[in-house]
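[1] Show me how the following folds:
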Amino acid sequence: MADFSLADLKTLRERLGTGMVDSKNALVEAGGDLEKATELLRLKGAKSNAKRLDRSTSEGLVAAKEGAGTTTLIELACETDFVAKGDKFVALGDKVLDAVAAAGATTPEEGLAAPAGSQTVAELISDEAAILGEKIELRRVAVVSGEKFAIYLHRTNKDLPPQVGVVVGYSGDDADTARSVAQHISFADPQYLTRDEVPAETVENERRIVEEISRGEGKPEAALPKIVEGRVTAFFKQVALLDQDYAKDNKLSVAKVLSDAGLTVSGFARFKVGA
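    Numbers count the residues shown, from 1 in each chain. This next block holds a predicted model:
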């Protein structure tokens with residue numbers, strides 16, 4: 001039998017989170033060499049992860065970390081709610097977020113390459129995926145710039161970590177209204193800050209569609225331009241934050257609410273797990 005101590009076995013288990021039997025077998029195969037045993041277990045985990053590549057990840061968490069002038073929002077995905085609500089997965093989310101934010105990563109690819117201790121984030125996720133037995137992926141990363149930030153993390157289920165995350169960058173002094181707007185975004189799901197940010201081709205395509213619909217409804221030709229513009233305006237109210245009706249008072253636009261509160265929004269991000 002390979003020469004290794006109980007301390008070696010304990011160290012290996014704590015290092016990778018593997019079970020007693022797997023840790024012991026790895027030490028035996030490695031002839032008692034702790035570093036080689038660690039490598040063997042990581043390779044075994046990587047092979048298991050490769051088999052899970054085609055699985056879907058519809059559960060997980062969102063998390064945000066505020067920094068100096070920027071706030072980072074991530075979505076970390078897994079396969080089941082059982083894993084999503086576990087302490088190990090939540091702790092992994094914290095480690096990934098810290099590493100991604102520290103590196104200033106703005107994309108999942110940059111995030112995966114970020115250092116996380118002696119590993120990269122990709123290696124950290126791979127190791128944890130092997131332990132948890134599920135496919136885990138850093139699905140999305142967003143960085144919002146601003147003077148101040150409102151962060152809203154919403155739990156759709158009390159037993160799960162946050163499933164909807166919103167970050168709003170803003171200037172002004174009304175933190176309560178800024179947070180209320182973040183809550184509005186979590187519900188209303190705008191895609192752009194202003195109507196000017198909506199790509200021209202998207203607007204033209206929408207105009208073409210509503211014109212076809214209006215003609216199909218038999219609307220008078222002379223009235224079509226006004227009808228089409230009205231429906232395009234309604235489209236802007238769906239996709240542009242400042243044009244939207246405020247969730248807490250639909251008689252007011254979000255732009256009006258912000259103006260009355262002396263706030264200016266510089267940007268926002270919204271993630272919903274699995275969406």
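
[2] For the rest of this, base every contact and every neighbour count on C-alpha atoms.
    Noted.

[3] any idea of the pLDDT on the residue lying closest to Val164 once chain neighbours are set aside?
    In this structure, Val164 finds its nearest non-sequential neighbour in Lys272, 4.4 Å apart by CA to CA, 6 or more residues apart in numbering. Note on Lys272: pLDDT of 96.

[4] Next up, the contacts around Lys272.
    Val62, Glu75, Gln163, Val164, Gly165 (CA atoms under 8 Å, 6 or more residues apart in numbering).

[5] how much space between it and Ser145?
    Relative to Ser145, Lys272 is positioned 20 Å away (CA to CA, to the nearest Å).

[6] Quick check: mean pLDDT of stretch 116-133?
    Mean predicted lDDT for stretch 116-133 stands at 89.

[7] If you count neighbours, what's buried in that stretch?
    Across stretch 116-133, burial judged by 16 or more other CA atoms under 10 Å covers 116, 120-132.

[8] Equivalent analysis for stretch 225-233, please.
    Here stretch 225-233 shows Ile227, Val228, Arg231, Val232 as buried, counting by 16+ other CA under 10 Å.

[9] what's the offset of that stretch from the middle of its chain?
    Relative to its chain's centre, stretch 225-233 lies at 35 Å (CA atoms, centre = their mean, to the nearest Å).

[10] Grab the CA positions of it and hand them over as CSV.
    Output of stretch 225-233 as CSV, limited to C-alpha atoms (Å, rounded to 0.1, in the frame of the first residue of the first chain):
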residue,chain,number,x,y,z
PRO,A,225,-48.5,57.0,-41.0
LYS,A,226,-50.0,58.2,-37.7
ILE,A,227,-51.1,54.6,-36.7
VAL,A,228,-47.7,53.2,-37.5
GLU,A,229,-45.8,55.9,-35.6
GLY,A,230,-48.1,55.3,-32.6
ARG,A,231,-47.3,51.6,-32.7
VAL,A,232,-43.6,52.3,-33.0
THR,A,233,-43.8,54.6,-30.0
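
[11] neighbouring contacts of that stretch?
    Counting by CA under 8 Å, 6+ apart, Val203, Glu206, Arg207, Val210, Glu211, Ser214 sit against stretch 225-233.

[12] what sits against Asp245?
    Lys237, Lys251, Leu252, Ser253, Val254.

[13] Show the contacting residues for Ala269.
    Ala269 neighbours (CA under 8 Å, 6+ apart): Leu73, Ala142, Val143, Val144, Val166, Val167, Val168.

[14] In strands, which of the residues you listed appear?
    Among the contacts of Ala269, DSSP state E puts Leu73, Ala142, Val143, Val144, Val166, Val167, Val168 in strands.

[15] Nearest to Phe149 among the contacts of Lys272?
    Gly165 (12.9 Å; CA to CA).

[16] can you pull the contacts of the closest one?
    Val62, Ala63, Ala64, Leu73, Ile151, Tyr152, Leu153, His154, Ser186, Arg270, Phe271, Lys272.

[17] Could you pull up the residues touching the fourth one?
    Applying CA under 8 Å, 6+ apart to Leu73 gives the contacts 62-65, 97, 141-143, 165-167, 269, 271.

[18] Mind doing that once more with 7 Å?
    Ala63, Ala64, Lys65, Val141, Ala142, Val143 (CA atoms under 7 Å, 6 or more residues apart in numbering).

[19] Likewise for Arg139?
    Glu75, Leu76, Ala77, Pro108.

[20] what about 6 Å?
    By CA atoms under 6 Å, 6 or more residues apart in numbering, Arg139 lies in contact with Glu75, Leu76.

[21] give me the element it is part of.
    Here Arg139, judged by DSSP states H and E, is contained in strand 137-145.

[22] and that strand, how far out from the chain's middle?
    So, by CA atoms, centre = their mean, the centroid of strand 137-145 is 6 Å from its chain's centroid.
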